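A.B. asks: model this:
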Amino acid sequence: MLKITEKIGLCFLSPLLIKKRGISGFFLYPLLLILLFFASCATYPNIPKIEETKIHNNPEPRWLKNYLISINDVLKIVVWDHEDLTREVQVSAEGSFSYPLIGKVKAAGLTVFQLEQEIAKRLSGRYIINPQVTVTVEEYHRFFYVFGEVKKPGRYPLEADTTVLKAITTAQGATEKAAINKTKIVREENGVRKEIKAKMTDLVKPEDVIIVPESFF
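C.D. replies: Residues are numbered from 1 along each chain as shown. Sure thing, here's the model as predicted:
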């Protein structure tokens, strides 16, 4: 899990630099110092510990039909008019689970909608005529996080093809104070944490932290 610590901004250093240069130095480089001040003192919101963030799950299944199923997810499978086939299963470390009549089903990496189609296809004809299958995710294990100047910061289940713009929209949009063009992604790859200047069309990866800072103008 990402371990994110609060950075100390360069804004604490700016007054010291100005004092060291003296008043004359300040007037010799006004534009440079002003830009340095605002760039260095632009603070990002404090990021709560990941363990403390709220999980926002929209109760309408339609919203999560594109959720990418992950290992350890708990799924509830319902075949309409066939109560004996209702099952709650957990996706194994191999990314699959066992289901009556059709055996092992590969689930990890599929969307909820794709899994519904796969189960219906394998049940169809041989076992059930025109099966109507509904899959809901009872426990999620693939998330992204949105913090800062959004209306509902927190942790959200990651759907397929989620962009930065969609992530912000999922968090009910940016506030009036938001500096959207300065949005960043904090991402951990191979044990190394890095900050990426985000474009609204960038795809969000599992465990990404999207930070929308406050505008100072």
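
A.B. asks: which residues of the chain fall in helices?
C.D. replies: Under the criterion DSSP state H, helices of the chain are mapped to 14-28, 30-41, 112-123, 164-170.

A.B. asks: Comparing these, which yields the minimum mean pLDDT?
C.D. replies: Taking the mean pLDDT of each of the helices of the chain, the lowest value is held by helix 14-28, a mean of 47.

A.B. asks: nearest spatial neighbour of Val209, skipping sequence neighbours?
C.D. replies: In space, and not counting its chain neighbours, Val209 is closest to Val186: 4.1 Å by Cβ to Cβ, 6 or more residues apart in numbering. In this view, the C-beta of every residue, glycine as well, is placed from N, C-alpha and C.

A.B. asks: pretty sure that neighbour is in contact with Ala198, am I right?
C.D. replies: No. The pair Val186 and Ala198 fails to qualify as a contact (Cβ atoms under 8 Å) at a distance of 10.0 Å.

A.B. asks: Please give me every residue in contact with the closest residue to Asp81 other than its chain neighbours.
C.D. replies: Ranked by Cβ to Cβ, 6+ apart and with sequence neighbours excluded, the top spatial neighbour of Asp81 is Gln132, at 7.7 Å. For Gln132, the set of contacting residues under the criterion of Cβ atoms under 8 Å, 6 or more residues apart in numbering consists of 79-81, 120.

A.B. asks: Report the buried members of these.
C.D. replies: When burial is judged by neighbour count using 16 or more other Cβ atoms under 10 Å, the buried members of the contacts of Gln132 are 79, 120.

A.B. asks: Can you pick out the most distant pair from the contacts of Gln132?
C.D. replies: Distance extremes for these: the farthest pair is Asp81 and Ala120 at 13.2 Å, using Cβ to Cβ.

A.B. asks: re earlier: who has more neighbours out of Val186 and Ala198?
C.D. replies: Each of Val186 and Ala198 has its neighbours counted (other Cβ atoms under 10 Å); Ala198 has more, 24 against 20.

A.B. asks: Would you agree that one is in contact with Lys184?
C.D. replies: Yes. At 5.7 Å, Ala198 and Lys184 qualify as touching, with contact defined as Cβ under 8 Å.
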